[in-house]
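Trainee: Compute the structure for the input listed below.
(one chain, ligands or ions: 1)
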Amino acid sequence: MAELGYDGKVAIITGAGGGLGRQHALLLAKRGALVVVNDLGGSIDGSGTDASAAQKVVDEIKAAGGEAVADHNSVATPEGGAAIVKTAVDAYGKVDIVINNAGILRDKSFHNMSPDLMNPVFDVHLKGAFHVTQPAYLIMREQGYGRIISTSSAAGIFGNFGQTNYGAAKMGLVGFTRVLAVEGAKFNIKANAIAPLALTRMTETLMGNLADKLGPEEVTPIVAMLAHEDCPVSGNIFSVGGGRVANVFIGETQGYTKPGHTLEDLRDNWDAIMSQDGYFVPGNLADETGVFFEKLK
Ligand SMILES: NC(=O)c1ccc[n+]([C@@H]2O[C@H](COP(=O)([O-])OP(=O)(O)OC[C@H]3O[C@@H](n4cnc5c(N)ncnc54)[C@H](O)[C@@H]3O)[C@@H](O)[C@H]2O)c1
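Mentor: Predicted coordinates:
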């Protein structure tokens, strides 16, 4: 079977100066994409800048015979997002793929959480995806083609101690992705999300003896597949790491239906509300509402 390639497709990858983003950039460029390697080059908590981070990855891509351009703007502002998309348009004339990957951490247990820990995390992860994706989406909509991949996290989808800021931003990206999938469908724009697990500077103190199995390059194939013209899905989430790829879905139990039910009805039928027998997985709000109406007939 032929290899999957990206001939001439233009990809913006945010936070691609290291970790996961660097791997995505190297693979897409190797397979023929024209890549904007964006990275502000700050520390894990988002402080500082370093223009050499993105440039080093561009140098690596070019040394391997690929095509890339560096961009040092921050995703955290609307101006930064617009400038990143402008870099792509100035260099390559269009945008086909956006990989929202830039990220920072400011962990703290909830009773100690503060706006200076909350706001920058929202600005980079959730608003950052909005800032970069919207100007790119306008181009994608015009050209009738686009692939958008956002980097969510199990910390938000499933919950993790000390990360109300990060978890909320990352779960926000799930909603962002699912609505984009609905809106983008008629323009051949597909939006999906990943929840990765990999050894990077962000996780190097957490992985223990599994570290050598969790290379960041193990996350890239599913991202590349979702970025490809042949991407088979939209509005989906994939958990990925260490060679494993799994679909994460949001399902609903059949539930308990009784118009006018009382508090005691709920207590007495709690098992029916919670039972996962016959659960369903709505593709979007219309699907979910359809099931609702069916029950109310
Ligand atoms: N490594 C994991 O196991 C894991 C798990 C879940 C989610 N993630 C997510 O994956 C993504 C990549 O993280 P990573 O593990 O490769 O860590 P990383 O720190 O190596 O990569 C994040 C990159 O984003 C860049 N960045 C930060 N703020 C930016 C800004 N405002 N504008 C542009 N670039 C900015 C950083 O400079 C850095 O290079 C992040 O969104 C992270 O939250 C990682």
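
Trainee: So which bits of stretch 54-71 are buried?
Mentor: 54-58, 60-61, 66-71 (16 or more other CB atoms under 10 Å). C-beta here means a position set from N, CA and C on the backbone, and glycine is covered the same way.

Trainee: do the same with stretch 117-125
Mentor: Applying a neighbour-count criterion of 16+ other CB under 10 Å, the buried positions in stretch 117-125 are 117-118, 120-125.

Trainee: Specify which member of these is nearest to Asp45.
Mentor: Asp45 has its nearest neighbour among the buried residues of stretch 117-125 in Pro120, at 8.0 Å by CB to CB.

Trainee: so where do the strands sit in the stretch 101-250 of the chain?
Mentor: 146-151, 189-196, 237-241, 244-248 (DSSP state E, counting those that start in this stretch).

Trainee: still on that earlier bit, narrow the buried residues of stretch 54-71 to those in strands?
Mentor: Those of the buried residues of stretch 54-71 mapping onto strands are 67-71, per DSSP state E.

Trainee: Now render those residues as a markdown table, adding distance to the ligand.
Mentor: Below are those laid out as a markdown table (distance: CB to the nearest ligand atom, whole Å):
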| residue | distance to the ligand |
| --- | --- |
| Glu67 | 21 |
| Ala68 | 15 |
| Val69 | 15 |
| Ala70 | 12 |
| Asp71 | 9 |
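
Trainee: Export the strands of the stretch 101-250 of the chain as CSV, with columns for mean neighbour count and distance to Gly8.
Mentor: CSV is the format used below for these (neighbours: other CB atoms under 10 Å; distance: least, CB to CB, whole Å):
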stretch, mean neighbour count, distance to Gly8
strand 146-151, 26, 14
strand 189-196, 26, 18
strand 237-241, 21, 26
strand 244-248, 13, 27
